[in-house]
Structure formats: C-alpha cells, structure tokens
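In: Sequence first, predicted model second:
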Amino acid sequence: MKTLFLNPPSYNGFDGAAGARYQAKREVRSFWYPTWLAQPAALIDGARLMDCPPHDIDFKTCIQEAVHYDHVILNTSTPTLKNDCRVAEALKAGNPGITIGFVGAHAAVMTEQTLNASPAIDWVGRKEFDFTCREVSEGRPLKEIAGLSHRSGGRVIHNPERELIHDMDSLPWVADVYKRDLDIRKYSIGYLKEPYLSLYTGRGCPARCTFCLWPQTIGGHSYRVRSAENVAAEMAHAKRLFPEVEEFFFDDDTFTANIPRAREVALKLKPLGLTWSCNSRANVNRETIQVMKESGLRLFLVGYESGNQRILDGIKKGVRVERAQQFTRDCRELGVTIHGTFILGLPYETRETIEQTIRYAMDLDVFSIQVSLAAPYPGTELFAQALQNGWFANGDPSNVVQENGLQECALQYPDLSRDEIFDSVERFYHRFYFRPKPILRMLKSMLSDRRVLVRRIREGYEFFTTMRQRRDSGTRTPKIRMDSHEGAKA
C-alpha cells in the first residue's frame, strides 16, 4: 500500500517542519529538514516524503499528488492545525478510501482535540510514531496498533501507549530518504553554510527547560542515542550521497548533553574531514570544545535565552550566567563560532530584564543571534503556567503566530504588556547588530566569498522586509485565519 508522509503547505515561508523548534516564519527564509517524518518514511518500503513549504508546492499541487496514495500521514502543529484539516478534507473528497493520520508535537499532547478537529482524520499518533506509522502502512487494524488514537462507534479510543525506542541503531538512516525525495538546495538556515544537511544522532533531552517543545511532547527527558559507529557510518554515506554539502548539523535537542559520548562521536568523525555543527548548552568544558573543534566542529547553536539569572532559574535552564560567559570565552579563543538564541517574554520578564538581556548579548558578542518570543506550546510546562496564571494575551492560548506566519507575542504580564515585549524584539536586533564589531564581522565574511556576499544581501533584504511586516502588523494582528490561504504557496 502506498504511503505518503506530508508536511503540507501553509503560510508563505513558514517553517513548521517535523523538527522545527519554533513553528513560525523567521526573519530570513529558513527551513529545517523534516527529520521526524523522514525517519518513519525510511522504515517503509516505497514510502515517499513530500515537504511542501521549502519546495514551494502549493495547495492545489499538493492535493493533486497526495490524493493518489492509500495512506497519508501529515505533520501538524499548533498554528497550522486548522489548515492541515483543510488539506485532509480535500484529500478525502478526492479519494474517500484514503486513510489519513496526524502526527507531531501538537497531536501527541492534544490527541483528542486533534482527532476531533476534522472527520477527515482517521487516526492520531502519540509520542514516538515511527513504528506506529509502519504498522498503519502495513494495513494492520487501527484498534491493534499501540501509540495510536482513533474513532470507534462515535467515541475516541486511545490504544495503549507505545514504548519509546531505546535501541536507536535499529532505526534506518534518513540520508537515503533525503536523496530520493528532497532537494537539499531548498533548505537554508542563516547561520549554517549552504548547502547544509541536518539529522539526529539521538532523541530526548535530560534538561527540563519549561518552554522546550520536543522533549516535553515526544522525545522525553532521557537522551537515547545512536552509537558513535552508527553516526559515523551514516555521515560517511551522506558525504558520498551529497558531495556538495558544505556543513552537517546534528539537530539533537542537546548534542552535548552526554559529554563523553559527544567526544566519542567527534573522534569518529575526525577521519571523515567533515565540517559540522550542533546544538549545545553553554556549559561545555574547554577540553571537550577543543576535541570537537579538532574533529571538524565549526559552530555551536546555543540557547542563552536570558541574561537574568532569576528568569533562567524560573525556566529551569540549569546554567549560570557566569558559566555561560566562560563557555563563550573558551569558544572564541578556540575558534568555535556561536549562534546565540534568546527569548523575550519568559516568566519574570520586566522592562529591566529585557534591557539586561540585550546588554548581556552585546557583552557576549557571539557571531550571530536569534531573538524569539516566548512560545507556550501545548504540552509544555510554560503552557500550563500561562494557563494557570492568566498570562495569555487576549486570553487566547492558540494565538502563537500572526496571520502572515510570523511569531505573535502570546504572553503578557501585569507590569509588562504584549506590545512592549513584541516591540523589544526589533530593538534587540538593532542594538546588537548595529555596532562596529558585528558590522565588521559581517563585511569580512561577505568580502571573503562572493557566494556569501550574495547570500547576505538577500538575507538583509529579507530581514528588513520582515521587520517592516512586524511593525505593520503590530498590535493590530487579527487572529489566525488559515482559510484565507488556499491559493498561497508555502
């Protein structure tokens, strides 16, 4: 039976892939690989992965192609559920015999709500859904498949939970799915070299950050990893498949959560001569950074989040400001680039803490930054806190993106309005980047490579266009209306 894994079209430029930590349109065109869909696709003979947003596949084309499959498994998210239901309904209208399942972080924790969102949805996958999807594609009765919810006799039935996968080496590699079904030139992340390729070497994260989506919904808090030998073998295979790739990115929630294992993987990669980067916490010791650098590490993606220790403690970050500063100095001295991410609007945020975080970022002076708004996705501790304390702006827990796909400020506090938090993002960017050192860094990188020059000019145009769109929407942002985007490309 023919199975299609589908990341449907939605907002223009929206990255809601099965792997995106912030399901939103970013300041520059950015797309992560849909690894959470590629993994089960690799388990099923003859399955196909269709990732519509980066490939500019519009609603009409998507339906025309997807309607011919027996099983369609859609990745959904909090901001795209309504639109994804519309896609499912169009598929059912074109092929009443098609079986449609929804998977993803939202579906995992809002299972009944997701299933009831449309009669076109036949089943919803909970937690890790790799083998759930395979058993559906094999034609097993829905009532017999663990980790799945479905309807029966007008009621929603929740089948027993499926145990998390502990032997991660039992999963097939995703590189072959990427080669067969995706155009890697369509994927871009501003701080990674192009073309890039990302994949997971493990799932789950032992950290307890209250806002982090995937560990609290699907992956869990136990870091389950592939062996270093397995990772190195896939990387050697990927290098042969994609000789044009400039950089590989390990998208584990925290690749450095297990320091001995991170060093082991790095040493296995060293003979391959790859350039690679990864997610990291700001607490890796200098010796490990050096080992990783000597093995091909170029960049750490680091979630600093805030410069205020009370906020960091409140979100259970588990890193002291002083430790993060030392880590940053070590990386600079050892030649490892850092892309730092910050979040505005977390609990205990004030006008003073926003200013403190901006100054903190300027003092760290990492190569590049990303500033996000606190996003309380269902299933996270932050969502539960916001619900309990009445922090949702306009009392609407679902309003996490604007109608253009950009991030909305979902939270507000008694002494800090959503408008102030929203406006502070642009101020943060301006204060950080419009200084001599970042400007000189950017100019140096542009003048050293014509491809980088062309890329940065494009990204600069996209950035300022996005900032203008944010200002134009501002406080006048209407609620999400995905139904107005039927003809839009993703």
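Out: Good, I have the coordinates.

In: low-scoring stretches of the protein, by residue?
Out: The model of the chain has pLDDT under 70 over residues 18, 474-490.

In: 50 instead, please
Out: Counting by pLDDT under 50, the chain has low-confidence residues at 475-490.

In: What count of nearby residues applies to residue 285?
Out: Residues contacting residue 285 under the criterion other C-beta atoms under 10 Å number 13. Glycine gets a C-beta too; all of them are placed from N, C-alpha and C.

In: care to break this structure down by domain?
Out: Per automatic domain parsing, the structural domains of the chain span 3-158, 189-476.

In: among the ones you listed, which is the most enclosed?
Out: Stretch with highest mean neighbour count among the domains of the chain: domain 3-158 (a mean of 21; mean count of other C-beta atoms under 10 Å).

In: Any idea which of the domains of the chain gets closest to residue 167?
Out: Residue 167 lies closest to domain 189-476 among the domains of the chain, at 8.7 Å (C-beta to C-beta).

In: If you count contacts, what does the lengthiest helix in the chain end up packed against?
Out: When the chain is parsed with DSSP state H, its longest helix is helix 450-473. Contacts defined by 3 or more C-beta pairs under 8 Å, 6 or more residues apart in numbering; DSSP states H and E place helix 450-473 against helix 418-433, helix 436-448.

In: how about 6 Å then?
Out: On a contact count with 3 or more C-beta pairs under 6 Å, 6 or more residues apart in numbering; DSSP states H and E, helix 450-473 meets helix 436-448.

In: contact partners of the helix it packs on?
Out: 452, 453, 456 (C-beta atoms under 6 Å, 6 or more residues apart in numbering).

In: In space, what's closest to the second one - neighbours in sequence excluded?
Out: If you skip the residues right next to it in sequence, residue 453 has residue 446 as its closest partner in space, 4.3 Å away by C-beta to C-beta, 6 or more residues apart in numbering.

In: Likewise for the last one?
Out: Excluding the flanking residues, the one nearest residue 456 by C-beta to C-beta, 6+ apart is residue 446, at 5.1 Å.

In: about what we covered before: residue 181: which of the domains of the chain is closest?
Out: Checking those against residue 181 by C-beta to C-beta gives domain 3-158 as the closest, at 4.3 Å.

In: that older thread, now the domains of the chain in CSV, with distance to residue 169?
Out: Listed next are the domains of the chain as CSV, based on distance: least, C-beta to C-beta, whole Å:
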stretch, distance to residue 169
domain 3-158, 13
domain 189-476, 5
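
In: Surely residue 209 forms part of a helix?
Out: No - under DSSP: H, G, I helix; E, B strand; the rest coil, residue 209 sits outside any helix and is assigned coil.

In: who's in contact with it?
Out: Taking C-beta under 6 Å, 6+ apart, we find residue 209 in contact with 315, 316, 317.

In: can you give me the strands in the stretch 1-150 of the chain?
Out: 3-7, 48-51, 71-75, 99-103, 123-125, 148-152 (DSSP state E, counting those that start in this stretch).

In: Could you point out the helix or strand that follows the last one?
Out: To tie it back to what came earlier, the one meant is strand 148-152. As assigned by DSSP states H and E, the chain's next helix or strand after strand 148-152 is strand 155-158.

In: which strand residues sit across from residue 48 in the sheet?
Out: residue 4 (DSSP bridges).

In: Which SSE is immediately downstream of the one helix or strand residue 328 maps to?
Out: Secondary structure assignment for residue 328, by DSSP H and E: helix 321-334. Later in the chain than helix 321-334, the nearest helix or strand by DSSP H and E is strand 337-344.

In: other SSEs contacting that next one?
Out: Taking 3+ C-beta pairs under 6 Å, 6+ apart as contact, the helices and strands that strand 337-344 lies on are strand 297-305, strand 368-373.

In: so where do the helices sit in the stretch 151-300 of the chain?
Out: For the stretch 151-300 of the chain, the helices defined by DSSP state H, counting those that start in this stretch cover 175-181, 213-214, 228-241, 259-269, 286-294.

In: ditto for the stretch 1-150 of the chain
Out: Under DSSP H, counting those that start in this stretch, the stretch 1-150 of the chain gives helices at 35-43, 59-66, 81-94, 105-109, 111-115, 130-137.

In: Make JSON lines from these and add distance to residue 431 to it.
Out: Shown next, in JSON lines, are those (distance: least, C-beta to C-beta, whole Å):
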{"stretch": "helix 35-43", "distance to residue 431": "34"}
{"stretch": "helix 59-66", "distance to residue 431": "40"}
{"stretch": "helix 81-94", "distance to residue 431": "35"}
{"stretch": "helix 105-109", "distance to residue 431": "32"}
{"stretch": "helix 111-115", "distance to residue 431": "40"}
{"stretch": "helix 130-137", "distance to residue 431": "44"}
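
In: do you know which of those helices lies nearest residue 213?
Out: helix 105-109 (5.3 Å).

In: So what touches the closest one?
Out: Helix 105-109 has contacts (C-beta under 6 Å, 6+ apart) with 76, 77, 78, 114, 124, 126, 127, 213, 217, 218, 378, 379.

In: Show me how far that helix is from its chain's centre.
Out: 14 Å (C-alpha atoms, centre = their mean, to the nearest Å).

In: Let's see it as PDB, backbone CA atoms only.
Out: This file holds the C-alpha atoms of helix 105-109, laid out as PDB (Å, rounded to 0.1, in the frame of the first residue of the first chain):
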ATOM      1  CA  ALA A 105       4.100  17.500  18.900                       C
ATOM      2  CA  HIS A 106       0.600  19.100  19.000                       C
ATOM      3  CA  ALA A 107      -1.100  15.800  18.100                       C
ATOM      4  CA  ALA A 108       1.000  14.000  20.700                       C
ATOM      5  CA  VAL A 109      -0.400  16.000  23.600                       C
END
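
In: which one is residue 65 nearest to, not counting chain neighbours?
Out: What sits nearest to residue 65 in space, not counting adjacent residues and going by C-beta to C-beta, 6+ apart, is residue 50, at 6.8 Å.

In: Residue 175 versus the one you found, what's the distance?
Out: 18 Å (C-beta to C-beta, to the nearest Å).

In: Residue 393 too?
Out: 42 Å.

In: again, but for residue 249
Out: For residue 249 relative to residue 175 (C-beta to C-beta), the value is 13 Å.

In: next one: residue 201
Out: 13 Å.

In: Likewise for residue 44?
Out: Residue 44 is 16 Å from residue 175, by C-beta to C-beta.

In: and if you look at residue 363?
Out: Taken as C-beta to C-beta, the span from residue 363 to residue 175 is 40 Å.

In: repeat for residue 268
Out: 16 Å.

In: For the closest residue to residue 44 other than its chain neighbours, list the residues it contacts.
Out: Leaving aside its sequence neighbours, residue 44 sits nearest to residue 137 (C-beta to C-beta, 6+ apart; 5.0 Å). The neighbours of residue 137, taking C-beta under 6 Å, 6+ apart as the test, are 3, 44, 71.

In: Quickly name whichever of these is closest to residue 232.
Out: Among the contacts of residue 137, and counting by C-beta to C-beta, the member closest to residue 232 is residue 44, at 25.6 Å.

In: for the closest one, phi and psi?
Out: phi -120, psi 120 (degrees, to the nearest 10).
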